[in-house]
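**Q** A predicted structure for the sequence below; I have some questions about it.
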Amino acid sequence: MALLGSALAVFLAAVLAVGMTRWVGDVLNPLALTVSEKVPFSGGSPPDFHAWNRFHIRWYTMALLFLAFDMEMVFMYPWAVVFVREGLISPVEMLMFILILLVGIVYAWRERGFEWA
Amino acid sequence: MGVREALAGLARWSPVPVFPIVGGGARDLVRDLRLRPEVELVATPRHATLLLVAGRFPSGAIPGLAVVHDQIPVPRATVRWNGEVSDEISSARLVGGDEEDLIATLVALHREMMADPSRSGPPILPDVDAVEWRGVGPYGHGGKGMTGGTPYGRPLAERAGDRDGIELDQLPVTIGPWVGALPWGLELAVKLQGDLVQEVEVGPRLSTDPPTDVFSMATRKPMTVAVLELERARHHLRWLADALSIQGLSALGLRALRLGKILTPHHQREVRRLLAMVRRSGIFGLALNRAGGEVTGSQAKGLGPVARAGGVDDDARRDEPAYRELGFQTILHQKGDAAARWRQRMAEVTQSLDLSDRAGDRTAFGAGLVEGPRGRITANGPSPSVVVLDLLPQLLSGLEWGDAVSLVWSLDIDPTESVETHVDNRGAS
Amino acid sequence: MNLISDILFWVFSVAAVVTGLLVFITDSMVRAAYWLMASFVAVGGILMILDAQFLGLILILMMAGEMTIMAIFMVMFMMNPAGLNPMTMVHQHRTSIVAGAGAFVALAAVGLLAEFPDRPVPPGVDPTVDLGVELLGESMLIFESAGVALLAVMIGAVALVSKRGRYGIAEEGSEEPSLEMSEE
Amino acid sequence: MNPLVAVVLIGVVMVVSVYLVAVIDTAVETRVSGGRGYARAWLAPISRAARLALQRRTVTERPDAEAWVLGPALLGGLAAVALTSIPFAPGVDVADIPAGIVLFGAALLQVMVAVVLHGWGANSVFPLLGAFRMAAVGLSMGIPFSLVLITTAIPAESLSVGAIIASQEGVWNVLRQPIGLPVYLITALGFSFWGPLQLPDGADLAGGTSAEISGTALLVWRIARASILVSLAAMGAAAFLGGYLGPWLPGWLWMIVKTMGLAALMIWSGHRIARARMESVVLLGWTVLLPVALVDVFVSGALTL
């Protein structure tokens, strides 16, 4: 717990350092931009629309697979710790679990779920 | 203030970040600036301090100049190289002369900006919203309903059908003409659906007066093969420099550029070494493996390396006696895609060097038709870049943006090449 | 030490509730997704205070991916994804108020009335090890059947969304077959 | 470790290593480009930083200002907190907790969030494309990345980084688990979006998520990105190269040498290996790295038994 407190302190200090640097920059060069200086860049023509739009990600199949496959991480960490202790049973059980999941990956690959362009 | 002076003193030694706007006749000069440690060409005006406007532009007006100028953060300044006084930016520093003069001006101006930001160039465009939105609508943000109106001055993208059978937003956006990702001067009006290019229109062309390089000279009088072929090799190395930087290999690109500058027929070994490094970079396996963009058959006619990469044996050099004496044989690749075009040009660099080495004082061409580095140059036909620009919409649609960029660069486009290469010539004859 | 733990507990608790609330107040889909993640991260912090380091950290680890996916899917499906026009994330007010109040009362009742076990983990015991032993021993069947459930999720997702989906190739305009029975 | 000492220690480590990364980057670039003048590599990072400090920050018309600020801040914070899980020398660590590699993994997967927020914040087309690219890269690389790290925990019988280093007393993991380090380095390039996997900030997006920022915002973004690279290199050194273990030299020096060695390797790849296509990266992650990482887990595991 104490160790994690230090880690938290380091995290907050780094975040603060970044914020401070930006703030120093803003003091040296105050932010006072005109409308034309704020136009988003796309190479010389002002944009006609907001860039934020309903963004069609083509790899949504992969995203859904990640959602399912990522669960395996939860089991894998404790499994690795007791691997040696538990002996042969551990690789066998985990291999079974992984092979079940791999069927899903192979199926997605066969359905060309990772390709989009 | 002490801090500011101290920082300014250190910043003096920083490479000068320059955002280039490049018109006709200045591409090679600006590209060579990459070799100078004093200067750093950046891909977006947000990373720049100086705006460099170089070269000739059609009828004096430079599209997007004011927009890009205002996007450069303060302190900023503009340098106009070999231009007219009547250009849009009144505060621009005019320079002529050679590269050394330009570098000296850039460095001096950068130091001035760092030391005294109050001398920064003022914005050109007026400080008014493009669309009235403040105070409009129930929340004063300029919109009404969930998607209506022009919130904060711009509308939201509209819905459109998609090849996946889903109706989703399509974002129309004009990219270019001045962006590090595309050849200088190329403007693409694309409709993006996600990261996919659904539709492309090529923007106005920045054609200027006819080129004065050795290849266009060869349409009028015979030129020595040695000079032509060395220049062709140089051209391909310059192309390689640009194309490599866009694939994330700017250092290797610099190597190509540096080699191109000092190139002689005796540099075969260095060229081979460079090409081996390019091949080993995995560019064919990682970046161009499925980039697509096949240009083959009749549409490739007259497009030089692009045609030959697609298996079209189209090369004006075959019909020249001088080349026949040298045992010239066209190099062909079959697939005609982006990777094939890379391979084609890389093979032609060594071929040209070899030809240049053995050519002696043979001369070729001179009768109106020349095989230029981008393809066939004729007395009054369209230049190869113009032909390629017409192919772009069909080639780019359906590609992921990164692939689209790779494809554009594989075609070696110069948007400043004039529509009719030799208008003047025709008038004269 | 205990004081710091207490302070951190309250900081994380308040953060979890406030960020959870912000999910429904913000107009932007991306913000909503990442506020939810912030809420989970705060809960992960509480777990870590309770010396369940592994559970707390794995929660934070998992949520990075899950909430990014949530953000991109919301941006993909919602019009006005950035909340440039005002909108509300709350619908069916009466139902939701009743459901919310009911859930609160139920949970509060559990919190107040249930008897919680008071078994602090003895020092020197690594809960991760116990979790691993449990997974490979007693809970083996649960663990393996979770695999089957996840496989079903994957296959279902791929079958529904892949380009060569079950209704034909998407590029050729795949269409769901009509549910009407044919006349024959 | 006392929080104050911890902040100072990690701060010093980050400042020095980020400076070294910048120097190595310039030097490698000079070498690959066939140029001369290595001396400027030592000064270049400082003068560039000074120049950026004097430049005004830009904002766009209607950004998500908070997300835009949070992106770099979070990235820097995550790099720092990732470093806390790694012992730099015997006994010199901030938080060598029993779940050390989970802490590291959690920090690194959150990098995806930081970059997505940073790209989303600008409301501009290039950063937006960059943000979604980072999501795709992160989701493709996340699982193999975690798997190869988990594999190093098998012989150590612990998730603590200190224990993982200690378990390499006889033989380093790079020899015991030869598949691990290459997979780790490739995925590390993905999470630090460096070199061939510099897709969110790629040249084809004119700088991607950083295309709209200038001044100190750009400065801190670059520093944070280099810090992530350092964190990844340090973990690579600890998990696969035995961390501070080694003959003759003192432990901390070994750690520095190994960390900067791996960092240099990744920087070198940035100048010698081409940017990969987006789709290839996703395919690589799921159909090559994931199975290879699983082979690593089971083969290395079986060899341990």
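**A** Structure received.

**Q** and the residue of chain A that's closest to chain D?
**A** Using Cβ to the nearest Cβ, the closest approach of chain A to chain D is made by A:Gly25 at 2.9 Å. (Each C-beta comes from the backbone N, C-alpha and C, glycine too.)

**Q** just the helices in chain C please.
**A** If DSSP state H is used as the criterion, the helices of chain C fall at C:2-25, C:29-49, C:53-77, C:93-113, C:127-136, C:140-161.

**Q** is it possible to get CSV of those helices that adds mean pLDDT, mean neighbour count and distance to D:Thr187?
**A** Converted to CSV, the helices of chain C look like this (pLDDT from 0 to 100; neighbours: other Cβ atoms under 10 Å in any protein chain shown; distance: least, Cβ to Cβ, whole Å):
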stretch, mean pLDDT, mean neighbour count, distance to D:Thr187
helix C:2-25, 90, 14, 30
helix C:29-49, 93, 22, 22
helix C:53-77, 91, 23, 14
helix C:93-113, 92, 10, 40
helix C:127-136, 82, 20, 23
helix C:140-161, 86, 17, 21
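
**Q** is it possible to export those to a markdown table including distance to B:His110?
**A** Listed next are the helices of chain C as a markdown table, based on distance: least, Cβ to Cβ, whole Å:
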| stretch | distance to B:His110 |
| --- | --- |
| helix C:2-25 | 45 |
| helix C:29-49 | 38 |
| helix C:53-77 | 40 |
| helix C:93-113 | 59 |
| helix C:127-136 | 56 |
| helix C:140-161 | 52 |
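
**Q** of the ones you listed, which approaches D:Leu253 most closely?
**A** Nearest to D:Leu253 among the helices of chain C is helix C:53-77; the distance by Cβ to Cβ comes to 30.5 Å.

**Q** quick one: which of the helices of chain C is nearest chain B?
**A** Among the helices of chain C, helix C:53-77 sits nearest to chain B (Cβ to the nearest Cβ), with 7.2 Å.

**Q** residues from chain C in reach of chain D?
**A** Within chain C, the positions near chain D by Cβ under 8 Å from any Cβ of the partner chain are C:28, C:30-31, C:34, C:37, C:53-54, C:57-58, C:60-61, C:64-65, C:67-69, C:71-72, C:82, C:84, C:126, C:128.

**Q** make it 6 Å
**A** Taking Cβ under 6 Å from any Cβ of the partner chain as the contact definition, chain C meets chain D at C:Val30, C:Gln53, C:Phe54, C:Leu57, C:Ile58, C:Ile60, C:Leu61, C:Ala64, C:Gly65, C:Thr68, C:Ile72, C:Asp126.

**Q** I figured the residue of chain A closest to chain D hits D:Ala217, correct?
**A** No. Between A:Gly25 and D:Ala217 there is no contact under Cβ atoms under 6 Å: 7.4 Å.

**Q** higher neighbour count, the two?
**A** Between A:Gly25 and D:Ala217, counted using other Cβ atoms under 10 Å in any protein chain shown, D:Ala217 has the larger neighbour count: 29 against 24.

**Q** can you tell me the closest non-neighbouring residue to that one?
**A** D:Arg57 (5.0 Å; Cβ to Cβ, 6 or more residues apart in numbering or on different chains).

**Q** find the helix or strand that the one you found is a member of.
**A** Following DSSP states H and E, one finds D:Arg57 outside all helices and strands.

**Q** quick one: pLDDT of it?
**A** On pLDDT, D:Arg57 comes in at 90.

**Q** same question for the one 3 residues further on.
**A** The confidence metric pLDDT takes the value 90 at D:Thr60.

**Q** now swap in B:Met1 and tell me
**A** For B:Met1, the model assigns a pLDDT of 57.

**Q** ok, now the one 3 residues further on?
**A** According to the prediction, B:Arg4 has pLDDT 84.

**Q** got the phi/psi numbers for the nearest residue to D:Arg62 once chain neighbours are set aside?
**A** Leaving out its chain neighbours, the residue that sits closest to D:Arg62 by Cβ to Cβ, 6+ apart is B:Tyr152, at 3.9 Å. Taking degrees, to the nearest 10, you get phi 50, psi 30 for the backbone angles of B:Tyr152.

**Q** repeat that for the one 5 residues further on.
**A** With angles defined as degrees, to the nearest 10, B:Ala157 sits at phi -60, psi 160.

**Q** and the next element down the chain from the helix or strand hosting B:Leu353?
**A** Of the helices and strands defined by DSSP H and E, B:Leu353 is found in helix B:338-358. Next helix or strand after helix B:338-358 toward the C-terminus (DSSP H and E): strand B:363-364.

**Q** pLDDT of the helix holding B:Leu353, averaged?
**A** On average, helix B:338-358 scores 91.

**Q** now do the strands in chain B.
**A** With DSSP state E, the ranges of strands along chain B come out as B:16-22, B:39-41, B:50-54, B:77-81, B:93-95, B:158-160, B:168-175, B:188-193, B:196-202, B:223-224, B:363-364, B:370-371, B:376-377.

**Q** now render those strands as CSV, adding distance to chain C, mean neighbour count and mean pLDDT.
**A** As requested, those are exported to CSV (distance: least, Cβ to the nearest Cβ, whole Å; neighbours: other Cβ atoms under 10 Å in any protein chain shown; pLDDT from 0 to 100):
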stretch, distance to chain C, mean neighbour count, mean pLDDT
strand B:16-22, 28, 25, 93
strand B:39-41, 33, 21, 91
strand B:50-54, 31, 25, 91
strand B:77-81, 34, 23, 89
strand B:93-95, 40, 17, 79
strand B:158-160, 8, 14, 74
strand B:168-175, 7, 22, 86
strand B:188-193, 11, 22, 90
strand B:196-202, 12, 19, 88
strand B:223-224, 50, 18, 88
strand B:363-364, 49, 22, 83
strand B:370-371, 40, 26, 86
strand B:376-377, 37, 24, 84
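
**Q** these: which one's closest to chain A?
**A** Taking those one by one with Cβ to the nearest Cβ, strand B:168-175 is closest: 3.7 Å.

**Q** list the strands paired with that closest one, with their directions.
**A** strand B:158-160 (antiparallel), strand B:188-193 (antiparallel) (DSSP bridges).

**Q** wait, a helix at the residue of chain A closest to chain D?
**A** Yes. Under DSSP: H, G, I helix; E, B strand; the rest coil, A:Gly25 sits within a helix.

**Q** can you tell me the element the nearest residue to it once chain neighbours are set aside falls in?
**A** Nearest residue to A:Gly25, sequence neighbours excluded (Cβ to Cβ, 6+ apart): D:Thr216, at 2.9 Å. Taking DSSP H and E as the criterion, D:Thr216 maps to helix D:215-240.
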